[in-house]
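Enquirer: take this sequence and fold it.
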Amino acid sequence: MEKLAKKEAKQRSLCALEIKPWSEEQDLMELFKKVKATVVKEGLVWSENCELKPVAFGLKKIALTAVINQTISMDEIIEEITEDTFPDEIQSMELLSMSLL
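Expert: Predicted structure coming up:
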């Protein structure tokens, strides 16, 4: 039972995320860098790069990944980013998929 608990504590998840800005004039690469630099937690590793994908009418979204351990809630991180840290810069942030590593 103790082995199982240790194994579960070491498990990590790969999360695919999308960030949608409020405006098409925003510098999305700068916003990506700000998110990575500002939201730092033990057990959270942001991807090195992101991809900019078109949404509509010139608006683009940021597609990125993050690796988290089992002690972190990605829902709490998304809420912190969209409501507390960057409410004027990020319209929405969505968790597209989560898979165990």
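Enquirer: what strands flank whichever strand or helix holds Ser99, and is each parallel or antiparallel?
Expert: If you go by DSSP states H and E, Ser99 is part of strand 90-100. Partner strands for strand 90-100, per DSSP bridges, with pairing direction: strand 12-21 (antiparallel).
Enquirer: can I assume Leu31 is in contact with Ile19?
Expert: Yes - using C-beta atoms under 8 Å, Leu31 makes contact with Ile19 at a distance of 7.2 Å. Using the backbone N, CA and C atoms, a C-beta is placed for each residue, glycine as well.
Enquirer: overlap in contacts of these two?
Expert: Contact criterion C-beta atoms under 8 Å, 6 or more residues apart in numbering; residues shared by Leu31 and Ile19: 62, 90.
Enquirer: between these two, which has more neighbouring residues?
Expert: Taking neighbours as other C-beta atoms under 10 Å, Leu31 and Ile19 compare with Ile19 leading, 23 against 17.
Enquirer: list the contacts of the more buried one.
Expert: Ile19 neighbours (C-beta under 8 Å, 6+ apart): 31-32, 35, 61-62, 64, 81, 90, 92-93.
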